[in-house]
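S.K.: Quick one: sequence and predicted model below, then my questions.
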Amino acid sequence: MDIKNLEKIVNKISKFNARLLPVVKNQNIEDINKLINFGIKDLGENRLDELHLHHKHFPDSNYHFIAPLQSRKISEILSKCVTLHSVSREKELDVISKTYSGQNIFIQVNIDSDPNKSGISGDKLNHFIDYSLTLGIQPVGLMCIPNIESNRKKVFSSMQKLNEKIKIQYKNYPGELSMGMSDDYEIALDYGATIIRVGSKIFL
């Protein structure tokens, strides 16, 4: 684990009023403990089994689930997580609504129409938000995972514009943006990211 890199990233994002979400997939308990001791409260999870393990060791951390959701596992995930970053189907909203207790919900947008990525298209976003609100779920923001070959500035600019449009249309919408990872988080910050999801730049 690279503490110096962690300090560099934290210092960088603090200038943008953003938050760091360390992605702890495949990381050992010792290194996660170093994050906790550094003062990190939020942890990004990709796997349910690891979420259970980490929650057992660090019950006071704030867990974010960032991977694609399986409907049958949503209730388990909600019981341990404060935030879901990858909601993109009405079926998921239906399941969430059954055990929802105020968790933060991000809508995943497939901003560059990548057939290999989850997420809804921008033109379906309003309908999705409206449906969410009918279930008593207020989304807090948008999330994206760009195609590796996409122009990051173009993609993140499109996300920022889409987010600003939604903020105008829905007065109670907080307008968070979960975007940017190890290789592109600095670009994402320039385009309004409020949460960056970083793994490899920290766990070297």
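M.R.: Looks like it arrived, so ask away.

S.K.: Helix or strand: which one has the spatially most central residue of the chain?
M.R.: Of all residues in the chain, the one closest to the mean position by C-alpha atoms, centre = their mean is residue 85, 3.7 Å from it. In the assignment (DSSP states H and E), residue 85 maps to strand 83-87.

S.K.: From the chain's centre, how far out is that strand? Work that out for me.
M.R.: How far strand 83-87 lies from its chain's middle: 6 Å, per C-alpha atoms, centre = their mean, to the nearest Å.

S.K.: Outside of it itself, list whatever touches it.
M.R.: 44, 62-69, 77-78, 93, 96, 103-108, 118, 139-140, 143, 178, 197 (C-beta atoms under 8 Å, 6 or more residues apart in numbering). For the C-beta atoms, the positions are set from N, CA and C on the backbone; glycine is no exception.

S.K.: Out of these, which end up buried?
M.R.: 44, 63-69, 77-78, 93, 96, 103-108, 118, 139-140, 143, 178, 197 (16 or more other C-beta atoms under 10 Å).

S.K.: Okay, and which of these map to strands?
M.R.: In strands, judged by DSSP state E, the following of those are found: 44, 63-65, 104-108, 143, 178, 197.

S.K.: ok, the residues you listed vs residue 10, which is closest?
M.R.: Within those, the smallest distance to residue 10 is 14.2 Å, found for residue 197 (C-beta to C-beta).

S.K.: I'd like the distance between the closest one and residue 84.
M.R.: Distance, residue 197 to residue 84, using C-beta to C-beta, to the nearest Å: 13 Å.

S.K.: With residue 169 instead?
M.R.: Distance, residue 169 to residue 84, by C-beta to C-beta: 22 Å.

S.K.: Compare the two (neighbour count), which wins?
M.R.: Using other C-beta atoms under 10 Å as the criterion, residue 169 and residue 84 rank with residue 84 on top: 25 against 11.

S.K.: who does the more buried one bridge with?
M.R.: Beta-bridge partners recorded for residue 84 (DSSP bridges): residue 65, residue 105.

S.K.: could I have stretch 71-80 exported to PDB, CA atoms only?
M.R.: Only the C-alpha atoms of stretch 71-80 are listed here, as PDB (Å, rounded to 0.1, in the frame of the first residue of the first chain):
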ATOM      1  CA  SER A  71     -31.600  -8.600  -7.600                       C
ATOM      2  CA  ARG A  72     -31.500 -11.600  -5.300                       C
ATOM      3  CA  LYS A  73     -28.600 -10.100  -3.400                       C
ATOM      4  CA  ILE A  74     -29.800  -6.500  -3.000                       C
ATOM      5  CA  SER A  75     -31.400  -6.900   0.400                       C
ATOM      6  CA  GLU A  76     -28.200  -8.400   1.800                       C
ATOM      7  CA  ILE A  77     -26.200  -5.500   0.300                       C
ATOM      8  CA  LEU A  78     -28.500  -2.900   1.600                       C
ATOM      9  CA  SER A  79     -28.200  -4.300   5.100                       C
ATOM     10  CA  LYS A  80     -24.500  -3.500   5.100                       C
END
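
S.K.: tell me the mean pLDDT over it?
M.R.: For stretch 71-80, the mean per-residue pLDDT is 96.
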